[in-house]
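Undergrad: Quick check, what structure comes out for this input:
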Amino acid sequence: MATLLPGGVRDLVALRGQHWRAQGVDLASLPDEEVLARLLDDPLSLRRPLLWLPGRLLLGYSAESYRDL
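TA: Presented below is the predicted three-dimensional model:
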């Protein structure tokens, strides 16, 4: 799934969400495996909504993106 995103696994993280901010971790300092492990431990840190289509992934709500579908 992360391979469909320009920023890879880091694009899956809800950086503005209080669950991620509460961890007090600099995302850039973590290897991809650690980011994934943290998302598995705290799925509320995942950006949502997440719409997975064949060959495409939309993260977060954007009326324009949804309209274009």
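Undergrad: use CA for all of it now, contacts and neighbours both
TA: OK.
Undergrad: Check whether residue 57 sits in a helix, strand or coil.
TA: Secondary structure assignment for residue 57 (DSSP: H, G, I helix; E, B strand; the rest coil): strand.
Undergrad: Begin at 28 from now on, thanks
TA: Got it, the first residue is 28 from now on, which makes the last one we talked about residue 84.
Undergrad: Let me know whether it touches residue 77 as I believe.
TA: Yes. Using Cα atoms under 8 Å, residue 84 is in contact with residue 77, at 7.2 Å.
Undergrad: tell me what the helix ranked longest in the chain is packed against?
TA: Ranked by number of residues, the top helix in the chain under DSSP state H is helix 59-68. Helices and strands in packing contact with helix 59-68 are not found; criterion 3 or more Cα pairs under 8 Å, 6 or more residues apart in numbering; DSSP states H and E.
Undergrad: Ramachandran angles for the most centrally placed residue in the chain?
TA: Taking Cα atoms, centre = their mean as the criterion, residue 39 is the residue nearest the geometric centre of the chain, at 1.1 Å. With angles defined as degrees, to the nearest 10, residue 39 sits at phi -80, psi -10.
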